[in-house]
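Visitor: Build me a model:
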Amino acid sequence: MRVDEEIILCRKQLDALLRQDFKTFVCKVFLEISPGAVYQDNWHISLICAELEAMLRGENNRLIINIPPRYMKSIICSVAWPAYVLGHCPQEAVVCVSYADELSKKLAAGGIPRR
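Guide: Below is the predicted model:
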């Protein structure tokens with residue numbers, strides 16, 4: 001197998017993983033929208049992703065996430081989740097609500113507020 005064939009195979013495998021695993025998708029989204037930042041994996045990210053995937057499978061339909069600021073809530077729930085859901089179910093409608101008008105505008109524009 002040539003190097004370029006291996007690269008294509010690896011890219012196809014990554015694409016498949018991104019379609020099948022929400023946590024992997026979240027990591028990719030983080031790296032795309034936060035260039036230069038370091039992704040720091042933690043148990044709460046796994047838990048949020050697992051609960052959101054359960055919602056997509058129809059196992060539950062309500063979820064409240066109460067964690068402090070700067071724990072990737074906005075990236076996971078307002079950026080990655082709508083993209084993941086619409087990628088799997090394009091007929092779905094997604095509404096994201098925020099406590100602050102400015103945060104809503106930044107998230108809708110695809111940006112993440114910076115400190």
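
Visitor: average pLDDT across the longest helix along the chain?
Guide: Using DSSP state H, we find that the single longest helix of the chain is helix 3-20. For helix 3-20, mean pLDDT rounds to 81.

Visitor: Next: stretch 68-76.
Guide: 91.

Visitor: Just the buried residues of that stretch, please?
Guide: Using 16 or more other C-beta atoms under 10 Å as the test for burial, stretch 68-76 gives 72, 74-76. (C-beta placed from N, C-alpha, C; glycine too.)

Visitor: returning to that earlier point: so which elements touch the longest helix of the chain?
Guide: helix 22-33 (3 or more C-beta pairs under 8 Å, 6 or more residues apart in numbering; DSSP states H and E).

Visitor: quick check: angle from the helix it packs on to helix 3-20?
Guide: Here the directions of helix 22-33 and helix 3-20 differ by 110 degrees (axes from the mean of the first three to the mean of the last three C-alpha atoms, to 10 degrees).

Visitor: Need the contact partners of helix 22-33.
Guide: Helix 22-33 has contacts (C-beta atoms under 8 Å, 6 or more residues apart in numbering) with 17-19, 37, 39, 41, 45-46, 49-50, 52-53, 56, 72, 75-76, 79-81, 83-84, 110-112.
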